[in-house]
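>>> no FASTA, just this:
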């Protein structure tokens, strides 16, 4: 085993991308993700790659589209406002079925917001902020190790399904240092016979998202839908920390799940039987796992650093009749393990009187 | 389960984040779980700087410290800001070259008042090494990591073009460690 290294999340992610064979980065500066660009600006030339600081986020995402069309593993990174500007390009990437990695180290929003940790971009990431009937593959790390590992995973999934993938993280994960094992997994970049690599010796190819003939676009949308169904069946990643006869099930993702982990340990030390489900893939969402587990728990508490965005998906997933509560801290506030513990105690003691959802 | 969390705080430029880095690095070399979390905002030299280091024998949940086992304080504002949060029976290490010890209001914690900048100047010839002197005291008083691993961590961090500073840094940590054993 290679020695562990103490690293910031942003650097670990950048190193993961390089390990996965990503050799093209296009980006425009924005806090709190500049460490990614800074690191890659030095590292990519070392490994024969290309780093371009574009004139804007719109240019960045379209450069990614260009590189991806040629079959390259390419990426960009930004934060909330920059990701908003990239939505048109993301829609084009999805429509053209092009693989790419887009990293969102989120800011507080809406608007210019602030640079602290927040999870307010869940809807944008999982619902698609761009136009049209598409989804992004969305991965949500909760440690520096996962910043590294999921960057690799995201680039693989993107190629495998010919779809843009997003890493959704925040300033906690970007700035925090933890030991990381950088053991490189074997890199296998799949063949890309569709890529625009020059037509010498073969018929010219076209990468596009425009389909004007009668019925063509419907066919294309169903084709993409079928791809998303395959993702849902084969690529769900979820971390479950469960017990026998649970009084309460917690659901959280990303940095917030770290505070929930601490709260779960506190609650168990006080004799409460609680479990925790952490979606690692936000799309495809681990709805089946939540349905199955919530069936024998009855009470589900979602903890999020927004006003309740993943809560939508949790409520769509739980076993019918389950109570679903929310502990929400938007705007850069971080729920403390103590606050989560108080909520756990209150909810468990509340009995079954509250049959309806309570915010 | 062994769990120890430290808030390191002072002014930007005093080497607060670096001190935390060395501590976290040493914990990693001891095969412990560790997180290093900087305060994050609109930072500047001379402004407030702080970071939290959590060391544990088990997987770490929150990288923040609501009630830290130890506060490492190099400035008056940081003492005011964090001393109320230190766990009862915890440890408070204050650089009295910068902070008047009469400002310590906690009586239910163990306070170590060290004139770290003076020691650094007298023993190492560089008052800016006060952070490393205090780190030596911190590891001696808390036992969170060993002096040996701290030195090994510093050798890894201060390598390449930073190697020039290593001998002084090591000496500063040893001075702080020895100072604590004497008092």
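Arrived safely. Quick caveat, the model's predicted, so the values are computed rather than measured.
>>> centroid-nearest residue for chain B?
When C-alpha atoms, centre = their mean is applied to chain B, the residue found nearest the centroid is residue B:135 (4.5 Å).
>>> residues in contact with residue A:159?
Taking C-beta atoms under 8 Å, 6 or more residues apart in numbering or on different chains, we find residue A:159 in contact with A:73, A:99, A:189-190, A:192. Placement of C-beta: from N, CA and C, glycine included.
>>> can you do 10 Å?
By C-beta atoms under 10 Å, 6 or more residues apart in numbering or on different chains, residue A:159 lies in contact with A:20-21, A:68, A:71, A:73, A:98-101, A:165, A:188-192.
>>> show me what the longest helix seen in chain B is packed against.
Among the segments of chain B that qualify as a helix by DSSP state H, the longest is helix B:166-182. Contact here means 3 or more C-beta pairs under 10 Å, 6 or more residues apart in numbering or on different chains; DSSP states H and E; on that basis helix B:166-182 packs against helix B:16-29, strand B:110-114, helix B:116-119, helix B:130-142, helix B:147-157.
>>> how distant is it from the center of its chain?
Relative to its parent chain, helix B:166-182 has a centroid offset of 13 Å by C-alpha atoms, centre = their mean, to the nearest Å.
>>> that one to helix B:147-157, inter-axis angle?
Here helix B:166-182 runs at an angle of 160 degrees relative to helix B:147-157 (axes from the mean of the first three to the mean of the last three C-alpha atoms, to 10 degrees).
>>> the residue of the stretch 101-250 of chain A found nearest chain B - how many residues pack around it?
In the stretch 101-250 of chain A, no residue comes nearer to chain B than residue A:177, which is 4.0 Å away by C-beta to the nearest C-beta. For residue A:177, the neighbour count with other C-beta atoms under 10 Å in any protein chain shown is 27.
>>> that one pairs with what?
Taking DSSP bridges as the rule, residue A:177 bridges to residue A:8, residue B:36.
>>> show me what contacts it?
Shown here is residue A:177, whose contacts under the criterion C-beta under 10 Å, 6+ apart are A:5-9, A:11-12, A:144, B:17, B:20-21, B:24-25, B:28, B:34-38, B:51, B:53, B:63.
>>> for the stretch 51-200 of chain A, which residues are neighbours of chain B?
Within the stretch 51-200 of chain A, the positions near chain B by C-beta under 10 Å from any C-beta of the partner chain are A:114-117, A:142-144, A:171-180.
>>> nearest spatial neighbour of the residue nearest the centre of chain A, skipping sequence neighbours?
The centre of chain A sits closest to residue A:139, judged by C-alpha atoms, centre = their mean, with a distance of 2.8 Å. Ranked by C-beta to C-beta, 6 or more residues apart in numbering or on different chains and with sequence neighbours excluded, the top spatial neighbour of residue A:139 is residue A:150, at 4.5 Å.
>>> check which helix or strand covers the one you found.
Assigned by DSSP states H and E, residue A:150 belongs to helix A:144-161.
>>> let me see the mean pLDDT of that helix.
Averaging pLDDT along helix A:144-161 yields 98.
>>> for chain B, which spans come out with low pLDDT?
Scanning chain B for pLDDT under 70 picks out the ranges B:41-43.
>>> the residue nearest to the centre of chain B reaches residue B:179, doesn't it?
No: judged on C-beta atoms under 10 Å, residue B:135 makes no contact with residue B:179 at a distance of 11.7 Å.
>>> spit out the residues that contact these two alike.
residue B:116.
>>> distance check, the one residue in chain B that gets nearest to chain A against residue A:320.
Nearest residue of chain B to chain A (C-beta to the nearest C-beta) works out as residue B:61 at 3.2 Å. Residue B:61 sits 32 Å away from residue A:320, taking C-beta to C-beta, to the nearest Å as the criterion.
>>> between these two, tell me which one has more neighbours.
When residue B:61 and residue A:320 are compared for neighbours, residue B:61 comes out ahead with 21 against 7, by other C-beta under 10 Å.
>>> pLDDT of stretch A:61-77, averaged?
Mean pLDDT, computed over stretch A:61-77, is 98.
>>> give me the distance between the two termini of it.
By C-alpha to C-alpha, to the nearest Å, the extent of stretch A:61-77 from end to end equals 9 Å.
>>> quick one: buried residues of that stretch?
Within stretch A:61-77, the residues scored as buried using 16 or more other C-beta atoms under 10 Å in any protein chain shown are A:61-65, A:67-69, A:71-77.
>>> which SS state does residue A:6 fall under?
Secondary structure for residue A:6, judged by DSSP: H, G, I helix; E, B strand; the rest coil, is strand.
>>> neighbours of residue A:326, just the number please.
By other C-beta under 10 Å, the residues close to residue A:326 number 20.
>>> scratch that, residue A:223 is what I was asking about
As a burial measure, residue A:223 scores 10 neighbours (other C-beta under 10 Å).
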